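Asker: Okay, here's the prediction I keep looking at, along with the sequence it came from:
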Amino acid sequence: MRDRRFVVREILIVLAVAAFLALVAFAMLRLLEPRPAVPPDVAARLDESLGSLMRSQILATQQVIDVPQVKEGLAVIAGRLHDALPEPRIRFDVIVLQSPEINAFTLPGDTVCVDTGLIRELRSAEEMAGVLGHELSHAINRDPLTLLARRVGIAALISAVSGGQGGTILANTAQTMINMQYGREAEDRADDFSVRLLARAGIPPDSFGDALERIRDSDAKEPGLLKYLDPHSPIEQRISRARELARRQALTTRPLGVDWAALVQALPER
């Protein structure tokens, strides 16, 4: 009887290990797919859990702008983009961080962070819509999660969200998201997505090209601060592709109704 119980216990242990390995393998496949399956699935739950952890780190280490006029203006832009997203539409948040850097980045869990340096550099709500559209492509395709999985390993990510020692590995990972670069394929895909999303949202699709030009020109004025541009994707080529794609979009536009100059003016002093 004891021998039988011992064998049963060993079988159960083997099955548990096999199930865990299968879970890891399944998550890895989901992460590496260019367009992951519709949630709920392992990747979606991992994305959400990591996003919650990293958002908490960002809120604890960065100065978040809580000015009503700024939040309301960005909410209008985000709402227009959300309504134009392909189904199933993700729910995303936009938070503004006090920073001179001309940058925007996406956390796992569909949170887009925008630096005040970028807001000051752009000249219209439509240009900001172009930047947010670009970041939404990263969110939809889970680019942040995929890159994190490749950098620190899927096992470390699962350990982090389950309260294991992987949390130590990710202690400063939120900061690395600020400087994260996805490579040319992901950036080109995000550029194209933004132009098409603007057109569907009734926003001039050329606005993304305008935003890229502002960012390009800002590099000469603010050396060392610009991190939004990916060195693997030449900016002039990105602008030309965005302009060409915009010309092919149907144009039925509706004003966003955001006083951008007033929004910028409402930002706190640098």
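Answerer: Looks like it arrived, so ask away. Keep in mind that this is a model prediction, so the values were computed, not measured.
Asker: Tell me, how many residues neighbour Asn141?
Answerer: Counted with other CB atoms under 10 Å, the neighbours of Asn141 add up to 19. Every C-beta, even on glycine, is put in place using the N, C-alpha and C of the backbone.
Asker: so it touches Glu185, yeah?
Answerer: No. Applying CB atoms under 8 Å as the test, Asn141 and Glu185 come out as separate, 10.3 Å apart.
Asker: which residues of the stretch 51-200 of the chain score low on pLDDT?
Answerer: Scanning the stretch 51-200 of the chain with the threshold set as pLDDT under 70 gives 163-176.
Asker: tell me which element Pro86 is part of?
Answerer: Using DSSP states H and E, Pro86 sits in no helix or strand.
Asker: before we move on, what about the one 4 residues further on?
Answerer: Taking DSSP H and E as the definition, Ile90 sits outside all helices and strands.
Asker: Skipping its backbone neighbours, what lies nearest it in space?
Answerer: Once flanking residues are discounted, Ile90 sits nearest to Asp110: 5.1 Å by CB to CB, 6 or more residues apart in numbering.
Asker: got it, and His82?
Answerer: Leaving aside its sequence neighbours, His82 sits nearest to Arg89 (CB to CB, 6+ apart; 6.2 Å).
Asker: Report the secondary structure state of the closest residue in space to Val64 that isn't next to it in sequence.
Answerer: Sequence neighbours aside, Ile95 is the residue nearest to Val64 in space, at 5.8 Å (criterion: CB to CB, 6+ apart). Classification of Ile95 using DSSP: H, G, I helix; E, B strand; the rest coil returns strand.
Asker: can you count the residues close to Ile95?
Answerer: Count around Ile95 with other CB under 10 Å applied: 18.
Asker: so what's Arg238 up against?
Answerer: By CB atoms under 8 Å, 6 or more residues apart in numbering, Arg238 lies in contact with Glu187, Asp188, Asp191, Leu212.
Asker: Quick check on those: which are buried?
Answerer: By neighbour count, with 16 or more other CB atoms under 10 Å, the contacts of Arg238 hold Glu187, Asp188, Asp191, Leu212 as buried.
Asker: Can you tell me which of those is closest to Met177?
Answerer: Glu187 (15.5 Å; CB to CB).
Asker: if I look at the closest one, how far off is Arg238?
Answerer: Going from Glu187 to Arg238 by CB to CB, to the nearest Å gives 7 Å.
Asker: ok, back up a step: check the buried ones among the contacts of Arg238 and tell me the two furthest apart.
Answerer: Spatial extent of these (CB to CB) is set by the pair Asp188 and Leu212 at 12.3 Å.
Asker: Appreciated, that's everything.
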